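Colleague: have a look at this fold, sequence not included:
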């Protein structure tokens with residue numbers, strides 16, 4: 001969202017045009033208006049003939065105004081879960097009538113009242129309406145805190161006491177309705193802030209939900225000495241945080257400021273203008289937020305020029321590679337004339353980093369730049385001539401097939417994927433370690449994948465939109481944003497290079513591996529893995545999948561990482577990876593989430609499988625790599 005969008009909730013609307021004009025003069029962008037006229041009560045039980053219209057004519061505004069300036073409010077008296085059958089019947093008819101009218105007006109959204117604590121009929125009627133919508137959204141109004149005295153007229157004392165419990169928090173109301181409505185993409189949540197806010201972890205759980213707007217009642221504002229409205233520091237912090245989630249704001253309640261409701265808009269504008277500036281890294285990442293990308297298949301496919309260009313713009317990665325090579329040289333690797341092999345040289349950034357490290361260390365190195373992509377080889381040969389790489393030999397070959405003329409002291413590669421090993425770095429480096437001298441080192445020398453459970457209805461619906469099983473069994477590279485991480489990441493699989501402590505493949509598999517793609521006998525290593533992880537979830541939530549990361553040790557104390565616990569600030573070459581769940585799973589605060597992950601391989605491919613075994617059981621995803629695999 002490029003600009004702040006702020007609306008006004010109109011409680012009583014005797015004149016639609018005047019209400020919109022008054023809001024416009026107070027700098028509001030839109031209004032939330034009641035859809036039904038308060039004078040006309042509707043009674044669907046008994047006689048159905050009604051000579052008076054139940055609402056105002058659609059001709060009061062032109063279609064552009066209805067579409068761009070008005071959000072419709074469903075009648076607050078609607079009670080679809082009333083114990084009285086007549087009230088339920090009347091509410092159902094009124095609900096559908098008002099949604100149909102909003103659709104007729106081409107409104108962008110309707111604001112629905114909060115569900116009751118037991119909202120089965122509400123969800124059933126809502127889902128029926130959602131299935132008939134093509135573009136309009138339904139915004140479910142949810143208070144950020146449990147019911148207070150302002151809601152006591154709607155709930156019994158027992159229900160108010162019950163809702164204060166953890167399992168019946170406002171998030172639970174939302175989750176119940178959302179689940180019953182099958183995570184419908186046209187259903188969003190509008191969060192109404194209260195004077196007292198819950199703790200930060202409760203607020204954070206809303207960041208993984210389809211948050212469309214935040215309602216700010218005027219009574220949560222404090223007036224400063226000059227009579228202007230301000231928010232508490234906790235309210236300010238949350239409002240500033242959700243700015244980046246492209247939500248709209250709605251002011252509701254009686255004006256308490258000296259200059260009218262305009263002061264509330266001006267205060268929000270003040271916070272908007274004072275929000276932190278985006279870093280250059282954030283600007284680069286912005287187009288990719290919550291955008292699912294299939295992981296690269298670098299062994300099967302050749303990268304395009306623009307992909308190389310994006311990676312080469314990373315300001316951190318190659319500095320750390322240069323530091324790692326420098327420290328290896330200073331430790332005496334190769335003596336005074338070390339041999340460096342860059343395997344998977346791409347367009348040459350690692351070659352440049354190695355040459356810069358050699359100049360810094362005052363060492364005369366010889367470099368072999370091995371690259372299988374013939375298009376990238378053209379760039380390497382051009383750079384050799386243009387940059388006078390007299391000590392660099394360009395090798396146009398797949399590292400798995402090349403017979404090196406000599407052994408090297410330092411083996412340099414950048415074959416990592418978002419999950420560390422998901423672009424087959426272990427298989428490639430196991431094959432390439434034959435180039436190393438017995439005393440040689442690999443950069444990187446070790447890397448570990450990490451995993452966290454996450455909640456993100458946005459990402460779940462993105463996968464769901466494909467409409468098939470295969471996409472729910474495919475991991476995606478994604479810079480997640482509209483998401484909530486439910487527990488600290490835990491280590492998954494670790495690989496060390498050179499790989500000298502290993503178990504051999506079964507003889508028949510090793511024999512078949514020796515024959516593919518010219519792989520040499522040294523590749524008879526088993527990189528299959530299995531692990532069980534147990535996470536303690538920090539708040540009530542819905543698990544939609546897992547976020548994956550890696551931490552990489554390049555050399556000794558030189559690391560690069562996308563793991564949140566020790567992220568390499570400023571590095572953007574890798575986004576996290578997202579492993580979806582076919583069926584979202586509800587978890588309560590403090591519950592143990594038991595997760596199983598496998599890394600499998602055969603002679604042709606590598607693939608992951610994953611599942612949950614507690615608190616509920618999920619299917620095993622991607623068995624035998626039926627939906628997704630990485631080709632050898």
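Modeller: Arrived safely, thanks for sending. What you see is a predicted model, and the numbers here were worked out from it, not measured in a lab.
Colleague: and stretch 214-221, end to end?
Modeller: One end of stretch 214-221 sits 14 Å from the other (Cα to Cα, to the nearest Å).
Colleague: in it, what counts as buried?
Modeller: Neighbour counts over stretch 214-221 (16 or more other Cβ atoms under 10 Å) mark 214, 215, 216, 217, 218, 220, 221 as buried. Glycine gets a C-beta too; all of them are placed from N, C-alpha and C.
Colleague: go through those and say which is closest to residue 292.
Modeller: Distance to residue 292, by Cβ to Cβ, is smallest for residue 214 among these, at 26.5 Å.
Colleague: got phi/psi on that closest one?
Modeller: phi -120, psi 130 (degrees, to the nearest 10).
Colleague: dump the residue contacts of it.
Modeller: Residue 214 sits next to 190, 191, 192, 193, 239, 242, 247, 248, 249, 250 when contact means Cβ atoms under 8 Å, 6 or more residues apart in numbering.
Colleague: ok, the buried residues of stretch 214-221 vs residue 125, which is closest?
Modeller: Closest to residue 125, out of all of these and judged by Cβ to Cβ, is residue 215, at 22.8 Å.
Colleague: for residue 248, name its beta-bridge partners.
Modeller: Beta-bridge partners recorded for residue 248 (DSSP bridges): residue 213.
Colleague: oh, that last question was meant for residue 436, not what I typed.
Modeller: Under the criterion used (DSSP bridges), residue 436 bridges to residue 408.
Colleague: over to residue 443?
Modeller: Beta bridges link residue 443 to residue 412 when assigned by DSSP bridges.
Colleague: now, which of the contacts of residue 214 lie within strands?
Modeller: 190, 191, 192, 248, 249, 250 (DSSP state E).
Colleague: and the contacts of residue 214, which is closest to residue 485?
Modeller: For these, the closest approach to residue 485 (Cβ to Cβ) belongs to residue 242, at 16.8 Å.
Colleague: do you know how far the nearest residue to the closest one once chain neighbours are set aside is from residue 309?
Modeller: Nearest residue to residue 242, sequence neighbours excluded (Cβ to Cβ, 6 or more residues apart in numbering): residue 214, at 6.0 Å. For residue 214, the distance to residue 309 (Cβ to Cβ, to the nearest Å) stands at 39 Å.
Colleague: and the pLDDT for the closest residue to residue 317 other than its chain neighbours?
Modeller: In space, and not counting its chain neighbours, residue 317 is closest to residue 573: 5.2 Å by Cβ to Cβ, 6+ apart. pLDDT, residue 573: 90.
Colleague: surely residue 573 and residue 318 touch.
Modeller: No - applying Cβ atoms under 8 Å, one finds residue 573 not in contact with residue 318, separated by 9.3 Å.
Colleague: returning to that earlier point: let's have the contacts of residue 214 in JSON lines, adding pLDDT.
Modeller: Formatted as JSON lines, these follow (pLDDT from 0 to 100):
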{"residue": "190", "pLDDT": "98"}
{"residue": "191", "pLDDT": "97"}
{"residue": "192", "pLDDT": "97"}
{"residue": "193", "pLDDT": "96"}
{"residue": "239", "pLDDT": "96"}
{"residue": "242", "pLDDT": "95"}
{"residue": "247", "pLDDT": "96"}
{"residue": "248", "pLDDT": "97"}
{"residue": "249", "pLDDT": "98"}
{"residue": "250", "pLDDT": "98"}
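Colleague: surely residue 614 touches residue 585?
Modeller: No - counting by Cβ under 8 Å, residue 614 stays clear of residue 585, with 10.0 Å between them.
Colleague: quick one: which of the two has more around it?
Modeller: Between residue 614 and residue 585, residue 585 has the larger neighbour count (other Cβ atoms under 10 Å), namely 17 against 12.
Colleague: bridging residues for the more buried one?
Modeller: Bridge pairing for residue 585 - DSSP bridges - gives residue 543.
Colleague: show me what contacts it?
Modeller: By Cβ under 8 Å, 6+ apart, the neighbours of residue 585 are 542, 543, 612, 615, 616, 618.
Colleague: just give the number of residues close to the fifth one.
Modeller: This means residue 616. Residue 616 has 12 neighbours, counted by other Cβ under 10 Å.
Colleague: now do the SS call for the residue nearest to residue 373 when sequence neighbours are not counted.
Modeller: Nearest non-adjacent residue to residue 373, counting by Cβ to Cβ, 6+ apart: residue 302, 4.2 Å away. Recorded secondary structure, residue 302: coil (DSSP: H, G, I helix; E, B strand; the rest coil).
Colleague: ok, residue 302 - contacts?
Modeller: Contacts of residue 302 by Cβ under 8 Å, 6+ apart are 372, 373, 374, 375, 376.
Colleague: distance of it relative to residue 314?
Modeller: Taken as Cβ to Cβ, the span from residue 302 to residue 314 is 20 Å.
Colleague: on that earlier part again, quick one: residues contacting the residue nearest to residue 317.
Modeller: 310, 311, 314, 317.
Colleague: would it count as being in a helix?
Modeller: No - read with three-state DSSP, residue 573 is coil and lies in no helix.
Colleague: phi and psi next, for it.
Modeller: Backbone phi and psi, for residue 573 under degrees, to the nearest 10, turn out to be phi -70, psi -30.
Colleague: how about residue 454?
Modeller: phi -140, psi 160.
Colleague: so what's it closest to, chain neighbours aside?
Modeller: Leaving aside its sequence neighbours, residue 454 sits nearest to residue 547 (Cβ to Cβ, 6+ apart; 4.6 Å).
Colleague: just confirm the one you found is within a strand.
Modeller: Yes - judged by three-state DSSP, residue 547 forms part of a strand.
Colleague: I'd guessed it sits against residue 477; true?
Modeller: No - contact criterion Cβ under 8 Å: residue 547 and residue 477 do not qualify, at 11.2 Å.
Colleague: joint contacts of these two?
Modeller: The contact sets of residue 547 and residue 477 overlap at 576, 577, 578 (Cβ under 8 Å, 6+ apart).
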